[in-house]
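Student: Predicted model and sequence below, questions to follow.
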Amino acid sequence: MELVEREMVATMKMSNIRKNYIVLLIPVIICILLLQFGCQEQIKPKKVETSIQSDKAGPKITFEKLDHDFGQIGTMSQKKVAEFKFTNTGEGLLKITEVERCCNVTTKLDKTEYAPGESGLLKIEYQSNQKPGQDSKTVYVRSNDKTKPELALTINANVVSKISYSPKSLRLFLEEENAGCPKIVLSSLDNQPFSITRFTSTGESITTDVDSSVEATKFVLSPSVDMEKLKENPKGRISISLTHPEERTVAILFDMVPKFSISPSSFFIVNAVPQKPILRKVSVLNNYGGAFEIESFSSQNNTVKILGQETISSGYQLDVEITPPPSEGKIMFSEALMIKIKGGDELVVICRGFYSNRG
């Protein structure tokens, strides 16, 4: 009997152990199954909907080049033409909607619609500047090409002088013989012979004889100055017309040094307060040296006074008092100080001022 009971107890213990084992094993089995299912989901390719569109679908404008360099060209206003060939490399009808131009540039296009595979030619006509230096222009081509609705075409040029000349400008003096005007030398930089067809100046104050039948690569001119006309036209320009194929005109500025000058020649005042005096200094100089006298002073609106006068090298230094007038609703005022030199010359100092908010 005892033996039977022992066997029954042993059997029950084994049964409990098996139950516990099964309880513990079930979660492990579930985890393994889930991992396997997850791996299978990752391995299984996903179905992705894509719409692959060919590069050739629709019109496509393709240029053989996007820029053109004219290289060195002369300063004479001359026309150069750059050609830009293009092809519709797409499958739809190409429509060019606009060719945007810029200054000194014109464009020519035979038509605006091009079938697939059809080519066209855009001509860009460039007119050079007369000022030496690098020059660049951009033309924009707009079309119904969805990938490149706007394309930039660039043209470049290096504008250079084909004629050298000296001096570049003339500084003339009243009290020197022939106003101290030097000789003018012109030379061809590309050894291209040329003629001088005309020599003119502002007010005809500077002249010289030219023979348009003479051709050479270098000319030396001896200008003659009319002193009376120069007094009437103290500043101006000399224009020399040439027959060089790439340089048709040379311009030389001239400036006569006046006998008297003032410094500064103008005042600019900010935050001016009505009736509150402002002090400034003005120098009156004889550019040719020598003593002179100031005969009188006057103010256009009687708002400028000379408080003192001191002798300095080649002239005088003045202590100037400027009294801004009542604003009367205005935001600024202007005034002129006239300085009369004994002997006839009159100098003018311009004064402009802006009132402060308190004004």
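Tutor: Perfect, I can see it now.
Student: Run through the stretch 101-250 of the chain and note the low-pLDDT ranges.
Tutor: Within the stretch 101-250 of the chain, the stretches falling below the threshold (pLDDT under 70) are 129-130.
Student: Can you show me the strands along it?
Tutor: Secondary structure of the stretch 101-250 of the chain (DSSP state E, counting those that start in this stretch): strands at 105-109, 113-114, 119-127, 133-143, 150-159, 163-166, 169-173, 184-188, 196-201, 206-207, 218-221, 224-225, 235-244, 247-257.
Student: Can you tell me which of those is packed in deepest?
Tutor: Of all the strands of the stretch 101-250 of the chain, strand 206-207 carries the top mean neighbour count, a mean of 21, counting by mean count of other CB atoms under 10 Å. All C-beta spots, glycine's among them, are computed from the backbone N, C-alpha and C.
Student: Run through the bridge partners of the residue lying closest to Ser166 once chain neighbours are set aside.
Tutor: The shortest distance from Ser166 to any residue that is not its chain neighbour, by CB to CB, 6 or more residues apart in numbering, is 5.4 Å, and that residue is Val185. Beta bridges link Val185 to Ser166, Val220 when assigned by DSSP bridges.
Student: Walk me through the domains of this structure.
Tutor: Structural domains annotated on the chain: 61-159, 163-257, 260-355, as defined by automatic domain parsing.
Student: who wins for proximity to Gln72 among the strands of the stretch 101-250 of the chain?
Tutor: Between Gln72 and the strands of the stretch 101-250 of the chain, the shortest gap by CB to CB is with strand 150-159, which sits at 4.9 Å.
Student: Run the angle between that closest one and strand 105-109 for me.
Tutor: Orientation of strand 150-159 against strand 105-109 (axes from the mean of the first three to the mean of the last three CA atoms, to 10 degrees) gives an angle of 130 degrees.
Student: Looks like Ser119 contacts Glu83 (just checking).
Tutor: No. Counting by CB atoms under 8 Å, Ser119 sits too far from Glu83 to count as a contact (11.9 Å).
Student: Identify the contacts common to the two.
Tutor: Taking CB atoms under 8 Å, 6 or more residues apart in numbering as the contact definition, Ser119 and Glu83 share no neighbouring residue.
Student: next one: phi and psi at Gln309?
Tutor: The phi/psi pair for Gln309 (degrees, to the nearest 10) reads phi -140, psi 120.
Student: As a markdown table, the strands of the stretch 101-250 of the chain with distance to Leu66 would be great.
Tutor: Compiled in a markdown table, the strands of the stretch 101-250 of the chain are given as follows (distance: least, CB to CB, whole Å):
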| stretch | distance to Leu66 |
| --- | --- |
| strand 105-109 | 15 |
| strand 113-114 | 18 |
| strand 119-127 | 11 |
| strand 133-143 | 10 |
| strand 150-159 | 6 |
| strand 163-166 | 34 |
| strand 169-173 | 41 |
| strand 184-188 | 36 |
| strand 196-201 | 42 |
| strand 206-207 | 49 |
| strand 218-221 | 42 |
| strand 224-225 | 54 |
| strand 235-244 | 34 |
| strand 247-257 | 31 |
